[in-house]
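Chemist: quick one, structure for this:
(2 chains)
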There are 2 protein chains.
Amino acid sequence: MVPERAVILAAGLGTRMGRKPKGLVRVAGREILYRTIRLLQENGVKKFIVVTNERYAPLYQEFIERHGFDAEIIINPEPEKGNGHSLHLAKEKVSGKFALTMSDHVYSRDFIERAVRGRGLIADREPRWVDIGEATKVQVKDEKVWKIGKRLKEWDAIDTGFFVLDDEIFKVTEILENEKNGDYSLSEVMERAKVSVTFVDGLGWTDVDTPEEIKRARRMLVRTAVKGTGDGFVSRHLNRRISTRVSELLVEKVTPNQMTVVTFLLGIISALTTLVSLPLAGILYQLSSILDGIDGELARAQLRTSKLGGYVDSILDRYVDGSFLALLAYATINEPIWYFVALLALLGSVMVSYSTERFRGAFCRDAYKEVPALRKLPGKRDERVFLTMLFLLYQIAASIKALFLTLAVLTNFRVALTLYFVVKKVSHPKTI
Amino acid sequence: MVPERAVILAAGLGTRMGRKPKGLVRVAGREILYRTIRLLQENGVKKFIVVTNERYAPLYQEFIERHGFDAEIIINPEPEKGNGHSLHLAKEKVSGKFALTMSDHVYSRDFIERAVRGRGLIADREPRWVDIGEATKVQVKDEKVWKIGKRLKEWDAIDTGFFVLDDEIFKVTEILENEKNGDYSLSEVMERAKVSVTFVDGLGWTDVDTPEEIKRARRMLVRTAVKGTGDGFVSRHLNRRISTRVSELLVEKVTPNQMTVVTFLLGIISALTTLVSLPLAGILYQLSSILDGIDGELARAQLRTSKLGGYVDSILDRYVDGSFLALLAYATINEPIWYFVALLALLGSVMVSYSTERFRGAFCRDAYKEVPALRKLPGKRDERVFLTMLFLLYQIAASIKALFLTLAVLTNFRVALTLYFVVKKVSHPKTI
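Modeler: The predicted model follows:
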């Protein structure tokens, strides 16, 4: 299904970005070419052909060796001519189906996953991250390219710079080589060949031509890096809005692990603050909850996700919650019965996470995907933390007790419902 | 590697077990033939040929249809003759490699897993569950059968009734058909063919000829059904010794799910008992910890293991521990600082399990297998429960506090070590 090889055009002498080849410009901590190759590899592409010019070749060679990619460099001695010629030079290196893409385009994981399974020119009818004025437009007729160009008045979709082609395409480049004396654009090739069009709409991709556009690409990568499943109401409507903005600022400088440590420390500090000031503790706790999304966002945007990172983060989160509730109880409660309620609140808080994570342990699958009913249950961490802050901002003795009672009921009720939905779902063995 | 077909000899008219064919006798809640077929299926065998007599054929047919097995029945019209002839009748149904086994032999999961990957006659040099006097002995020479028979004075191993053969064997049965007029035993076939011998020593298997031997087979199945990984010191030396004996008594009557419910209820009752009598609560808690192994033992012995069962059991265990500690704290503690310690003890207790289960969630692998260092860490549930009982039997106010302090330190220290070992192990990416 998926092509085994990919051709990447990297011969263009862009000048607006300094002397560095565009494919080696870093966005969110990774070279553009690194992103494209890594994501294509994840989707089954094995071998890469990079067409570049004489000046850039040594730089790309060093890059390829440093990362150990299975990639080969082809030199286009006349990079000033149209990029159709660069494609033509890859002719001997591919056969059958292959992917074709540009070194100055930045793609999200979702986009590559869909695009590589498409056919012909991959076009976007709802481009979110590109400057339409500068973009290459496509007119489509009978699911094939009809017209293509930057200055089309009427158009159906935007050219994403990503193609899944067949080696038949070289019959067309052969003709254009003779007709145009080697100077013709990729758009001319596609128009002449009337390649198929596959629409992949609204996903993350953009091209990078200026420093401004790098910022846009970075934003695109961070925004499309939000995981989502497992996010509660507060996370969707408040925490993520802030955390993605912070991630944009940090994504070039901070690693996910560093962020995990900072978030953990802030969480523990917020717990200790309960001994000093309850409103402040509540605010710090909510702040740590906002920051808690950032390590994951950074990891996904930087292509640095790791199972170990998720594991450690998840255990530290439980200790922040546990310490916060334990110290809050110590600071505010005096009667055994309310301590009992606090103990149940702490138990329930950990068990909410335990009951979803243990599901993945048993079935090797995501609980939220397999049992969608769980998504709607209240009592996720972001909601509990926010609730805690609200109670602490209006603290009177009774309200802290009310908080513990609310948490004890909410969390343990949620766990009971989780058990109910899981048993209901999994008892029908065909579904899992 | 593994044979695709298996021949099962079920023509013998055993009379000591009543009128029922032996393959349909239930041991630990499952027909002997069901066990053999299910376990062979799990190991890749796809199709089964059951050789039986005219009287038993309808019963086996009903059994096969009820379970939806891909099995075919061949009738041996002269079952009173030696069982070599039964094998010969399967000649047209197999080609190449095939497994051969007996309907009156009960095998453990471990045994089948090993045996089906062996070659020739599978023999046991350390038989644990058979009556040597009655067993078929094998003399081995150059890794092949030399002599075989029940009355051999000198022998190297016991015939397990399990074979992995090649269709070459039918050349030998052909000769014996003529020579002996169709009346010859399997042992004669093996001796004549000088088949290879594979030793699979000391694992669970036995044959069943009398009601007494059914009891032995049941014991074998329960004893070999202990999972082991995750068992702490107390479990290995005390709990399992009792629980397997109870499982033997219950395995024909009680389902794993029923046992899970009973164990949970006893755990909750033990927690409530802290409000009345601490020593009694401690004893009941330890009792529930012993019973806690039984649902798993029953499930494995009855071939009824389910991921859902493990999931539910694991969540209920956490609630038993949580309730016990919460109620114990409520019943015995008065000072905030000791409540704080109790909160940490409760947090740590849940986190011990969380930190191992979350590992499986992240990596889809067993933490104890991947990070063997974890096996030696103290603080597993069986140890904590036993410790709790000891403290409660000698209760003075201080000792309950000492218990909470011990648990708080022990559990959270264990979680910290778990994190350390996991990070150390997984950071070397090649190992996982």
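Chemist: what's around the closest residue to A:D207 other than its chain neighbours, how many residues?
Modeler: Excluding its sequence neighbours, the residue lying closest to A:D207 (C-beta to C-beta, 6 or more residues apart in numbering or on different chains) is A:H105, at 4.9 Å. All C-beta spots, glycine's among them, are computed from the backbone N, C-alpha and C. With neighbours defined by other C-beta atoms under 10 Å in any protein chain shown, the count for A:H105 comes to 23.
Chemist: so which residues of chain A form strands?
Modeler: A:5-10, A:26-27, A:30-31, A:47-52, A:71-75, A:97-102, A:105-107, A:120-124, A:137-141, A:144-149, A:157-166, A:197-199, A:205-207 (DSSP state E).
Chemist: the residue nearest to A:D207 contacts A:G161, doesn't it?
Modeler: Yes: judged on C-beta atoms under 8 Å, A:H105 makes contact with A:G161 at a distance of 4.2 Å.
Chemist: excluding chain neighbours, what is closest to the residue nearest the centre of chain A?
Modeler: Centrality entry for chain A: nearest residue to the mean C-alpha point is A:A225, 2.7 Å, by C-alpha atoms, centre = their mean. Take A:A225 and drop its neighbours on the chain: the residue closest to it by C-beta to C-beta, 6+ apart is A:R300, 3.6 Å away.
Chemist: for the residue in the stretch 101-250 of chain A that chain B sits nearest to, give me its contacts.
Modeler: Closest residue of the stretch 101-250 of chain A to chain B, C-beta to the nearest C-beta: A:G230 (12.4 Å). A:G230 makes contact with A:356, A:368, A:380 under the criterion C-beta atoms under 8 Å, 6 or more residues apart in numbering or on different chains.
Chemist: list just the nearest of those to chain B.
Modeler: Nearest member of the contacts of A:G230 to chain B, counting by C-beta to the nearest C-beta, is A:T356, at 8.7 Å.
Chemist: report how many residues lie close to the closest one.
Modeler: The number of residues packed near A:T356 is 23, by other C-beta under 10 Å.
Chemist: my guess is it meets A:A367, correct?
Modeler: Yes: with contacts counted by C-beta under 8 Å, A:T356 reaches A:A367, the gap being 4.5 Å.
Chemist: quick check: neighbours shared by those two?
Modeler: By C-beta under 8 Å, 6+ apart, A:T356 and A:A367 have these common neighbours: A:374, A:418.
Chemist: low-confidence stretches in the stretch 251-400 of chain A?
Modeler: Within the stretch 251-400 of chain A, the stretches with pLDDT under 70 are A:395-398.
Chemist: what residues does it put near chain B?
Modeler: Proximity of the stretch 251-400 of chain A to chain B, by C-beta under 8 Å from any C-beta of the partner chain, involves residues A:307-308, A:310-312, A:314-315, A:318-319, A:322-323, A:325-327, A:329-330, A:333-334, A:336-337, A:339-340, A:342-344, A:346-347, A:350-351, A:353-355, A:357-364.
Chemist: buried among the residues you listed? Need that as a selection in PyMOL.
Modeler: Buried residues within those, by 16 or more other C-beta atoms under 10 Å in any protein chain shown, are selected in PyMOL with:
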select buried, chain A and resi 308+310+311+312+314+315+318+319+322+323+325+326+327+329+330+333+339+340+342+343+344+346+347+350+351+353+354+355+357+358+359+360+361+362+363
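Chemist: just to revisit the earlier point, pLDDT at the residue of the stretch 101-250 of chain A closest to chain B, what is it?
Modeler: Per-residue pLDDT puts A:G230 at 77.
Chemist: A:H428 now?
Modeler: Looking at A:H428, its pLDDT is 68.
Chemist: same check, this time on A:R16
Modeler: If you check A:R16, the pLDDT there is 62.
Chemist: related to what we said a few turns ago, quick one: which of the residues of the stretch 251-400 of chain A next to chain B sit in helices?
Modeler: In helices, judged by DSSP state H, the following of these are found: A:307-308, A:310-312, A:314-315, A:318-319, A:322-323, A:325-327, A:329-330, A:336-337, A:339-340, A:342-344, A:346-347, A:350-351, A:353-355, A:357-363.
Chemist: now for the residue nearest to the centre of chain A: which residues touch it?
Modeler: By C-beta under 8 Å, 6+ apart, A:A225 lies in contact with A:108, A:247, A:296-298, A:300-301.
Chemist: hmm, try it at 7 Å
Modeler: Neighbouring residues of A:A225 by C-beta atoms under 7 Å, 6 or more residues apart in numbering or on different chains: A:297, A:300-301.
Chemist: equivalent analysis for A:L393, please.
Modeler: A:279, A:282.
Chemist: again with A:Y184
Modeler: Contact analysis of A:Y184 by C-beta under 7 Å, 6+ apart lists A:82, A:84-85, A:176.
Chemist: can you rerun that using 10 Å?
Modeler: Applying C-beta atoms under 10 Å, 6 or more residues apart in numbering or on different chains to A:Y184 gives the contacts A:81-85, A:87-88, A:172-173, A:175-177, A:192.
Chemist: repeat that for A:F363.
Modeler: A:370-371, A:422, A:426, A:432, B:307-308, B:311, B:361, B:364.
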